[in-house]
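# with the sequence up front, the predicted model follows.
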Amino acid sequence: MNLDTWTLFLLAYLLATLTPGPNVLLVIKNGLQLGWRAALLTISANLVCQAIFILLVAMGIGALLQTLPPLFLALKLAGGGYLIYLGGKALRATKSANQGVTLTDSPAKSRSSVALWRQAFLVSASNPKTIIFLCALLPQFLDHQSPLPLQFFVMYLTICAIVSLVHLSYVALARHAGSYFNPVRCQRLFTRLTGGLFITFGSAIVLSGRP
């Protein structure tokens, strides 16, 4: 992979990452409610999931998924259902807060790092179309005259840098904007917003067609 090809890949993936999705929403939510450590844990889970997806693409599993509609349907229903569950859970949390339980006393504050990481990993893995997207995107930038494993590794390192930079920037902007408002009210509003969007994203995955 030469410099020009790498630059094109960087720009293509940067544009894709800038579009807010479930991963962005979750890292912002965790960053606002639990701080920078939780945001970094969320990002690390996303990057581990990305590594697995890239490995599957390199092994040809992504192309196989397109030829097995029942498997794709099962993954789609499981992933979309999980996002809908998270959305409902967030909305229930805001309802409890409105009844007198503050968000700072919510279970989220006492959740373990393992629980946060697991949730972030499952959100990252929730959409099977991600691997289809990578299966379509990555091969376009491969030079088959050069070692493929090294090129996939370079792509992954590039993805790590882009995802970390973009997601941390979103968290910084959200925390800066939140400093101008009542913290409890801001967190409650954002939790309600992310709950609704998780349900929307989950429903879109469930109702989407074949890859």
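Good, I have the coordinates.
# in which helix or strand would I find the residue most central in space within the chain?
Centroid-nearest residue in the chain: residue 23, 2.3 Å away (criterion: CA atoms, centre = their mean). For residue 23, the element it lies in under DSSP states H and E is helix 22-34.
# give me the distance from the helix or strand just after that helix to the chain's centre.
Reading on from helix 22-34 to the C-terminus, the next helix or strand found by DSSP H and E is helix 36-58. Mean-position distance between helix 36-58 and its chain equals 8 Å (CA atoms, centre = their mean, to the nearest Å).
# next, the angle helix 22-34 makes with helix 36-58.
For helix 36-58 against helix 22-34, the angle by axes from the mean of the first three to the mean of the last three CA atoms, to 10 degrees is 160 degrees.
# the residue nearest to the centre of the chain: what's its closest spatial neighbour, skipping adjacent residues?
Excluding its sequence neighbours, the residue lying closest to residue 23 (CB to CB, 6 or more residues apart in numbering) is residue 46, at 5.2 Å. (Glycine included, C-beta is placed from N, CA and C.)
# about what we covered before: quick one: mean pLDDT for the helix holding residue 23?
Helix 22-34 shows an average pLDDT of 89 in the prediction.
# pLDDT score assigned to residue 137?
If you check residue 137, the pLDDT there is 85.
# sorry, slip of the keys, the one I care about is residue 111.
Note on residue 111: pLDDT of 67.
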